[in-house]
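**Q** No letters, just coordinates:
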């Protein structure tokens with residue numbers, strides 16, 4: 001009995017304690033809920049403060065720390081918990097209040113810990129990753145070595161801060177500085193080496209932007225020039241830099257731009273190249289004069305360009321020397337003329353070339369004419385009217401404008417300058433061949449075209465040397481009906497016989513109401529890159545009935561005049577980046593229209609009559625954020641369509657039209673942007689056969705451009721990967737994964753590398769906090785067995801800014817496939833501080 005009584009006593013104590021605890025939980029639930037709500041409000045205010053600070057600091061060019069991003073994600077989870085607890089508190093039965101109180105107390109601790117972690121005494125942001133040190137394509141120097149060494153001495157010394165490199169056009173100033181720029185990129189003395197080609201006339205706003213961009217910063221667009229100068233000066237004071245300002249024509253103030261005076265204290269340098277010693281003196285430069293090459297140096301440069309083999313041709317050496325003599329020691333003339341004679345071994349042709357060069361040079365009157373006449377010889381040597389017209393069209397771009405090859409070729413196609421097949425692919429191939437020809441003749445210079453958006457995406461580009469451009473505009477263009485103007489002429493100032501007119505990039509504000517001009521022969525009108533052009537009178541196009549190409553890209557226009565509907569000969573209408581554009585008149589009468597480019601336009605509905613454009617071959621509706629729908633039935637009417645660009649936004653119905661896209665029999669290229677992985681995977685799974693029939697550039701996430709470096713590419717930028725694997729399309733050649741969130745530890749846990757996607761040649765992974773290895777193999781992983789055949793054909797693997805990456809292949813209880821990475825030719829690993837082991841022992 002005593003034992004039984006003891007048991008009852010213990011049981012009674014347990015019941016009493018439990019009941020009291022239970023009662024206490026009932027009593028404390030409201031108290032704990034109030035504490036939870038109070039702590040949550042503090043956390044919420046801290047989140048608002050953090051976001052405000054981020055907005056201010058990131059705008060100046062920093063990026064948010066991963067620690068801060070993680071904290072903001074944790075706050076979002078707390079917000080979800082708050083909603084859940086409030087919902088449960090409203091509905092909780094009396095007997096379950098104790099268990100809810102226990103959960104609330106746990107969440108109070110979570111909120112307190114999260115709040116404490118949100119202090120960030122060491123700041124919220126860090127500097128952007130340093131920009132890739134860019135090497136500028138250029139020719140090797142011949143003869144300017146002493147001049148280069150003199151400038152280098154001033155750059156490395158402390159006595160001179162401002163350096164002025166002077167000389168006549170074509171004498172080699174820019175070539176010398178390009179070589180020095182590349183040498184400086186290999187030095188550690190300066191944190192930034194900034195190259196800026198000056199615009200004409202001087203645009204301080206644009207100059208400020210170029211310098212800030214080069215330093216990884218961003219200035220307030222809406223601020224006045226003076227305020228931007230103050231902000232830029234503050235940025236530059238923190239760095240040790242070299243600024244190279246190429247081709248300065250007029251006097252200006254460094255302070256007005258925001259460039260601090262270079263001196264011994266800051267160790268900075270500013271180099272100016274100019275044809276005017278007066279400009280350099282005004283800027284208080286140490287002047288270095290670039291003189292023409294000697295006859296011996298000129299001959300060596302000519303031979304370097306044309307090839308030493310010409311000396312083997314009997315009787316040619318003396319003729320060659322005479323041609324070199326006519327080049328007057330000007331490197332640009334030597335290179336261009338030598339380039340035009342490359343591959344010629346007929347002495348008679350060389351004799352004729354000497355006669356032509358002499359005839360042109362004898363008629364010159366001043367220094368500009370002197371170089372122009374020599375360059376004209378190379379233009380005349382171009383073998384066809386097709387190539388000559390393509391060259392002249394390049395002069396329509398702004399001075400020192402770097403254009404992508406694609407951009408230029410598209411313009412040539414619009415103009416009908418490229419002869420040949422009606423298929424776009426064949427025309428593009430011909431366009432590349434023409435650019436190669438112009439580059440080999442040194443009438444175009446190779447350049448790298450950097451895509452916008454802050455990531456180091458680039459493609460092949462080119463530009464015209466300013467002297468070559470001036471020769472094309474002044475000396476040749478008018479003969480072929482080409483005209484460049486810097487402002488709109490009045491009603492009587494239009495040249496009636498002009499066929500092609502460019503007013504590109506001249507900051508035109510409005511078109512006068514006194515127009516329209518009578519330009520019955522005008523076939524091309526380019527008004528692009530006038531960002532403040534907001535209105536065009538209704539009657540403006542009324543007397544331009546022969547117009548075939550109209551370019552209003554990057555303008556602020558909100559509507560187009562109804563007179564466009566009368567342009568029945570129009571074949572190309574380019575309205576790229578007209579983000580304010582809301583209204584287009586009916587296009588139903590434009591039966592001959594072959595291109596309609598509304599890339600990143602502000603339209604909310606497709607233009608009226610678009611379904612009647614039976615000749616349309618090119619339609620770009622990419623990144624039209626306000627466009628929610630392409631009405632059913634329009635796309636099938638466009639039976640001649642060869643290129644299509646569309647967005648498949650999650651909230652829109654455009655994705656439904658992809659079934660209509662699949663029925664376009666002439667379609668050659670498809671560019672498509674998806675908001676997220678789910679919509680993208682839906683597309684890939686549904687249209688696998690269609691993907692094999694066309695070339696494609698596909699983007700997922702926040703990207704606002706296509707890389708276009710290969711025929712079949714996929715770019716995933718700033719996208720929430722999550723648990724759902726990315727399904728790769730057939731024939732994929734190029735894969736980019738950039739700044740994606742919620743990534744897993746390896747590529748084969750992120751991407752579904754199925755056997756069908758076995759053409760992958762290049763893979764780029766940039767800016768990820770989670771990636772630890774490229775391939776993760778273990779005995780239980782089915783994905784590892786799938787990925788290796790795909791990676792067998794991989795030729796390039798680029799890994800950048802992956803702090804947790806420690807190895808390429810991780811093997812845990814599995815056999816490493818012997819052929820993995822067997823075709824890899826290029827491996828780039830950059831800023832991967834955790835890298836410890838490249839490959840497993842059996843693959844080394």
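**A** Yep, that arrived. Everything quoted here is computed from the prediction, not taken from an experiment.
**Q** for residue 286, phi and psi?
**A** Per-residue torsions, residue 286: phi -80, psi 110 (degrees, to the nearest 10).
**Q** Not including adjacent chain positions, what is the nearest residue to it?
**A** Leaving aside its chain neighbours, residue 286 sits nearest to residue 160 (4.5 Å; criterion: C-beta to C-beta, 6 or more residues apart in numbering). Using the backbone N, CA and C atoms, a C-beta is placed for each residue, glycine as well.
**Q** Could you report the separation of residue 216 from residue 238?
**A** Distance, residue 216 to residue 238, using C-beta to C-beta, to the nearest Å: 12 Å.
**Q** Check the offset of stretch 162-172 from the chain's centre.
**A** 31 Å (C-alpha atoms, centre = their mean, to the nearest Å).
**Q** Likewise for stretch 277-291?
**A** Relative to its parent chain, stretch 277-291 has a centroid offset of 35 Å by C-alpha atoms, centre = their mean.
**Q** Residue 630 is in contact with residue 645, correct?
**A** No: look at residue 645 against residue 630 with C-beta atoms under 8 Å: they stay out of range, at 11.8 Å.
**Q** returning to what we had before: between residue 216 and residue 238, which is the more surrounded one?
**A** Counted by other C-beta atoms under 10 Å, residue 216 and residue 238 do not tie: residue 216 has more neighbours, with 17 against 11.
**Q** the helices in the stretch 701-844 of the chain, which residues?
**A** 782-791 (DSSP state H, counting those that start in this stretch).
**Q** so where's it shaky on pLDDT?
**A** Under the criterion pLDDT under 70, the flagged ranges of the stretch 701-844 of the chain are 703-705, 722, 744-745, 748-749, 752-758, 778-790, 813-819, 839-844.
**Q** could you pull out the strands for it?
**A** Remark: strands assigned in the stretch 701-844 of the chain by DSSP state E, counting those that start in this stretch are 712-717, 726-727, 734-738, 751-752, 762-766, 773-778, 796-800, 807-812, 826-830.
**Q** Those strands: which one's closest to residue 544?
**A** Closest to residue 544 of these is strand 712-717 (C-beta to C-beta; 38.8 Å).
**Q** The closest one pairs with which strands, and in what direction?
**A** strand 695-701 (parallel), strand 734-738 (parallel) (DSSP bridges).
**Q** can you redo those as JSON lines with mean neighbour count and distance to residue 822?
**A** Converted to JSON lines, the strands paired with strand 712-717 look like this (neighbours: other C-beta atoms under 10 Å; distance: least, C-beta to C-beta, whole Å):
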{"stretch": "strand 695-701", "mean neighbour count": "23", "distance to residue 822": "27"}
{"stretch": "strand 734-738", "mean neighbour count": "23", "distance to residue 822": "18"}
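**Q** of all those, which lies closest to residue 400?
**A** The nearest among these, by C-beta to C-beta, is strand 695-701 at 28.2 Å.
**Q** Quick one: residues in contact with the closest one.
**A** For strand 695-701, the surrounding residues in contact (C-beta atoms under 8 Å, 6 or more residues apart in numbering) are 425, 668-677, 680, 683, 706-708, 711-719, 726, 729, 740.
**Q** redo that, cut-off 6 Å
**A** With contacts defined as C-beta atoms under 6 Å, 6 or more residues apart in numbering, strand 695-701 is touched by 669-674, 680, 706, 708, 711-719.
**Q** What of stretch 270-282?
**A** Residues contacting stretch 270-282 (C-beta under 6 Å, 6+ apart): 162-166, 169, 173, 177, 243-246, 248, 251, 262, 285, 287.
**Q** Buried residues in it, which are they?
**A** By 16 or more other C-beta atoms under 10 Å, the buried positions in stretch 270-282 come out as 270, 271, 272, 273, 274, 275, 279, 280.
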